[in-house]
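Participant: Next come a sequence and a model predicted from it.
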Amino acid sequence: MDLDLKYNYTEKKDTRSGFGDGFLEAGRKNPNVVGLCADLIGSLKMGAFQKEFPERFFQTGISEANMIGLSAGLTIGDKIPFAGTFANFATGRVYDQIRQSVAYSNKNVKICASHAGLTLGEDGATHQILEDLGMMKMLPHMTVINPCDYNQTKAATLAIAEYEGPVYLRFGRPSWPIFTPADQKFEIGKAWKMIDGTDVTIFATGHLVWEAVVAEAILRKEGISAEVINIHTIKPLDEEAILDSVAKTGCAVSAEEHQINGGLGDSVAQTLIRHNPAPLEYVGVNDSFGESGTPTELLEKYGLNAANIVAAAKKALARK
Amino acid sequence: MEKQSVEQLQKVCTQLRRDVLRMVHAVQSGHPGAPLGCAEFFVALYFDQMTHNPDFQMDGKGEDLFFLSNGHLSAGWYSVLARSGYFPVEELVTFRKLNSRLQGHPATHEHLPGIRIASGSLGQGLSVALGVAQAKKLNNDDKLVYVLMGDGELQEGQVWEAAMYGAHYGVDNIIATVDYNGQQIDGPTEKVMDLKNLKAKWEAFGWEVIETKKGNDMQSVIEGLEKAKSLTGKGKPVLNLLYTEMGYGVDFMVGTHKWHGSPPNDEQLADALSQLPETLGDY
Ligand SMILES: Cc1ncc(C[n+]2csc(CCOP(=O)(O)OP(=O)(O)O)c2C)c(N)n1
Ligand SMILES: [Mg+2]
């Protein structure tokens, strides 16, 4: 299909590399930045930092609970620990450790979670966490960030190094279009309106922001004007941006690589229901686990691609 | 703080025991057993061993730092903190009450001086303390990190993850103490889940282990901690197996898990306090 996309790309890269490069740069900027990883240094792209700052990097072995505790302790000596592992092992496996030693104690720990969602692909459901945003956003004090491409992930990594407080940073494995600018300023908690529109708003996060950009072009061809808002920060949620947009468009779609239960869509719904009840359609995983496959196949099978966003937008429009 | 004689330190212990009993009695909730057994340890640390500053700084740079992994000993910790000047002794009366800084289990969000991390969910404190010790090394801070764990707590897998880490990285600026009272909530540890040979276990994990056989004797506790200190800085983390008796100091509470988490009633309190004369003045 020939589409007139509002954002384009010349290169694809994994968001985890954006994290790895941002982490190295953060380490160069601030000697208090330290790293920890539970036997996934290569997968998390933390190797360059480890090589440059070996004394500030701690391989913890396969002991995620211990890694979270160590990180909390390191903050007490003013260090800024970035603790990395797969999103599944960075959340569900260590929820109580995060809850007590990081969130409740309000420690400046950065939980860095790769291989989130379905798009890690062939490893299958044991590794494809689809509940992490929900778990993390429920924790008081926790900031939850899910950037959309390499550039935004790098910018987010640099931003959280300068922010004081617990953060959950979610990124992924697949090679993905780089469609946001390299020099972007990342403002935690500030949604980014990427495309103006009048008929329907698409609130997207993570990899699905790209699918939303594609969906907008398809909808435009069909005479529907969609607004695309990149919600890179799930918590604190930019309620003002959500309400301003829906005040104009009157209906919305949420799109995320996560369970519908407890994800971004639920946060958007809460906002709308309290201030401006309006039709909202969810694009997300509907109460199921994932499975093995390529990222593209999985997004299609579980209903998370541009075509699904287009269908959801039409449904929302029809309910206006 | 001026060095105090063993006799003076024992008086502080007696007062700490009174504080603990009165605190849990007042709210009819909390955990008297283990703090009664750890009174000598708490007092030896805060009144004799540690270089510390009651004008509390969260980062604790240039100070020895203590972490309580078995957070249910909060009443004992609060008492020793108050008695060593971290906050007014009168505040102990708020223990476990609404709007208090003295939460049921230690918490940081109320900014109680002396508390650097929350605990209560068992098994996390050794990891945290190792992180703190690691930060001290990065900061070229030659002071020590102390942590107390329960023996039942050692049934948590995370403790052994941390044990492995401490030895692997040669975190030799930490002294971890195990309250080896042989009791936990549901009964004696050997019945609930036998810890078997703890000394051999910690040694196998690569720790330097010392045993303080008389954990309710002030002189022995100090000697144990001195010995532990002498073993720091030699490439290995140090573990102090502190043999205590749960409920020590009150004849009807000693040596049983029954007082792990039960408060005394009025009569029992009167009986207990009659065995522990007021030494520093009740709060
Ligand atoms: C993770 C976790 N599981 C269970 C509990 C409930 N709990 C509180 S104290 C305790 C017993 C701990 O035994 P020990 O460490 O020997 O302490 P002691 O009874 O000697 O004070 C239990 C099971 C808890 N606080 N945390
Ligand atoms: Mg015990």
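Facilitator: Looks like it came in fine. As the structure is a computational prediction, the values presented were derived from the model and not from experiment. Residues are numbered from 1 along each chain as shown, chains lettered A, B, ... in the order given. Ligands and ions are numbered 1, 2, ... in the order given.

Participant: got the contact list for residue 71?
Facilitator: No chain was given, so I picked chain A. With contacts taken as CB atoms under 8 Å, 6 or more residues apart in numbering or on different chains, A:Ser71 has the following neighbours: A:Leu36, A:Pro81, A:Ala83, A:Val102, A:Lys107, A:Val109, A:Ile111, B:Gly131. All C-beta atoms are positioned from the backbone trio N, CA, C, and that covers glycine.

Participant: Please refer instead to chain B.
Facilitator: B:His105, B:Pro106, B:Ala118, B:Ser119, B:Gly120, B:Ser121, B:Leu122, B:Gly125.

Participant: among the contacts of A:Ser71, who's most crowded?
Facilitator: Neighbour counts for these were taken using other CB atoms under 10 Å in any protein chain shown; the highest belongs to B:Gly131, with 35 neighbours.

Participant: and chain A, which residues reach chain B?
Facilitator: Counting by CB under 8 Å from any CB of the partner chain, chain A comes close to chain B at A:34, A:55-56, A:58, A:60-61, A:63, A:65-79, A:81, A:96-97, A:99-101, A:104-107.

Participant: Also within reach of ligand 2: list those from those.
Facilitator: Checked against ligand 2 using CB under 5 Å from the ion, the residues of chain A next to chain B yield no neighbours at all.

Participant: Show me those residues that map onto helices.
Facilitator: Among the residues of chain A next to chain B, the ones falling in helices (DSSP state H) are A:65-76, A:96-97.

Participant: all strands of the stretch 201-320 of chain A, in order?
Facilitator: Along the stretch 201-320 of chain A, the segments classed as strands by DSSP state E, counting those that start in this stretch run A:226-230, A:233-235, A:252-259, A:280-285.

Participant: Next to ligand 2, which bits of the stretch 1-150 of chain A? Give me the list.
Facilitator: For the stretch 1-150 of chain A, there are no residues in contact with ligand 2 under the definition CB under 5 Å from the ion.

Participant: What about B:Tyr283, how many residues nearby?
Facilitator: Neighbours of B:Tyr283 (other CB under 10 Å): 18.

Participant: Check the gap between it and ligand 1 for me.
Facilitator: For B:Tyr283, the distance to ligand 1 (CB to the nearest ligand atom, to the nearest Å) stands at 23 Å.

Participant: and that residue, what pLDDT?
Facilitator: You'll see B:Tyr283 listed with a pLDDT of 97.

Participant: Can you show me the strands along the stretch 101-250 of chain B?
Facilitator: Taking DSSP E, counting those that start in this stretch as the criterion, the stretch 101-250 of chain B contains strands spanning B:145-150, B:174-180, B:183-184, B:187-188, B:208-212, B:238-243.

Participant: Just put the ones you listed in TSV and tack on mean neighbour count and mean pLDDT.
Facilitator: As requested, the strands of the stretch 101-250 of chain B are arranged in TSV below (neighbours: other CB atoms under 10 Å in any protein chain shown; pLDDT from 0 to 100):
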stretch	mean neighbour count	mean pLDDT
strand B:145-150	27	98
strand B:174-180	27	99
strand B:183-184	25	98
strand B:187-188	15	97
strand B:208-212	20	98
strand B:238-243	24	98
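
Participant: closest one to ligand 1 among these?
Facilitator: Closest to ligand 1 of the strands of the stretch 101-250 of chain B is strand B:145-150 (CB to the nearest ligand atom; 1.9 Å).

Participant: so what strands line up beside that closest one?
Facilitator: Applying DSSP bridges, strand B:145-150 is found paired with strand B:65-68 (parallel), strand B:174-180 (parallel).

Participant: after the first one, next one along is what?
Facilitator: Scanning forward in sequence from strand B:65-68 by DSSP states H and E, the next helix or strand is helix B:74-83.

Participant: is that next one anywhere near ligand 1?
Facilitator: No: if you take CB under 6 Å from any ligand atom as the test, helix B:74-83 misses ligand 1, and the best it gets is 10.3 Å.

Participant: In contact with residue 256, which residues?
Facilitator: No chain was given, so I picked chain A. So A:Glu256 contacts A:Leu133, A:Asn146, A:Ala204, A:Thr205, A:Gly206, A:Leu208, A:Gly263, A:Leu264, A:Gly265, A:Val283, A:Gly284 (CB under 8 Å, 6+ apart).

Participant: think we crossed wires, I meant chain B
Facilitator: The neighbours of B:Thr256, taking CB under 8 Å, 6+ apart as the test, are B:Gly33, B:Gln183, B:Met246, B:Gly247.

Participant: I'd like these written out as JSON lines, with distance to B:Leu21 added.
Facilitator: Formatted as JSON lines, the contacts of B:Thr256 follow (distance: CB to CB, whole Å):
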{"residue": "B:Gly33", "distance to B:Leu21": "11"}
{"residue": "B:Gln183", "distance to B:Leu21": "18"}
{"residue": "B:Met246", "distance to B:Leu21": "14"}
{"residue": "B:Gly247", "distance to B:Leu21": "10"}
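
Participant: From those residues, list just the buried residues.
Facilitator: For the contacts of B:Thr256, a burial check counting by 16 or more other CB atoms under 10 Å in any protein chain shown picks out B:Gly33, B:Gln183, B:Met246, B:Gly247.

Participant: now, which of these lie close to ligand 2?
Facilitator: With CB under 5 Å from the ion as the criterion, the subset of the buried ones among the contacts of B:Thr256 in contact with ligand 2 comprises B:Gln183.

Participant: Quick check: mean pLDDT of stretch A:127-143?
Facilitator: The average pLDDT for stretch A:127-143 rounds to 98.

Participant: should've said stretch B:123-132
Facilitator: In this model, stretch B:123-132 has an average pLDDT of 98.

Participant: what about it, near chain A?
Facilitator: Yes: applying CB under 8 Å from any CB, one finds stretch B:123-132 touching chain A at B:Gly123, B:Gln124, B:Gly125, B:Leu126, B:Ser127, B:Val128, B:Ala129, B:Leu130, B:Gly131, B:Val132.

Participant: CA atoms only: put that stretch into CSV for me.
Facilitator: Presented in CSV, the C-alpha positions along stretch B:123-132 are these (Å, rounded to 0.1, in the frame of the first residue of the first chain):
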residue,chain,number,x,y,z
GLY,B,123,14.8,-11.7,53.1
GLN,B,124,15.7,-8.4,51.5
GLY,B,125,18.0,-6.7,54.0
LEU,B,126,21.2,-8.5,53.2
SER,B,127,20.9,-7.5,49.5
VAL,B,128,20.3,-3.9,50.5
ALA,B,129,23.2,-3.8,53.0
LEU,B,130,25.5,-5.2,50.4
GLY,B,131,24.5,-2.5,48.0
VAL,B,132,25.2,0.1,50.7
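
Participant: number of nearby residues for residue 203?
Facilitator: No chain was given, so I picked chain A. Here the number of neighbours of A:Phe203 (other CB under 10 Å) works out to 31.

Participant: My question was about chain B, not that one.
Facilitator: Counted with other CB under 10 Å, the burial measure for B:Glu203 works out to 13 neighbours.

Participant: The closest residue to it other than its chain neighbours bridge partners, please.
Facilitator: Sequence neighbours aside, B:Val209 is the residue nearest to B:Glu203 in space, at 5.4 Å (criterion: CB to CB, 6 or more residues apart in numbering or on different chains). For B:Val209, the residues forming beta bridges with it (DSSP bridges) are B:Leu239.

Participant: now the helices: where do they sit in chain A?
Facilitator: With helices called from DSSP H, chain A shows them at A:15-29, A:41-44, A:47-52, A:64-76, A:87-90, A:95-97, A:132-137, A:150-162, A:208-221, A:239-249, A:264-275, A:295-301, A:306-318.

Participant: how about those helices, which one is nearest B:Lys61?
Facilitator: helix A:64-76 (9.7 Å; CB to CB).

Participant: re the thing from before, so can I have CSV of the helices of chain A showing distance to ligand 1?
Facilitator: Formatted as CSV, the helices of chain A follow (distance: least, CB to the nearest ligand atom, whole Å):
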stretch, distance to ligand 1
helix A:15-29, 31
helix A:41-44, 28
helix A:47-52, 32
helix A:64-76, 11
helix A:87-90, 19
helix A:95-97, 7
helix A:132-137, 18
helix A:150-162, 29
helix A:208-221, 37
helix A:239-249, 36
helix A:264-275, 29
helix A:295-301, 36
helix A:306-318, 41
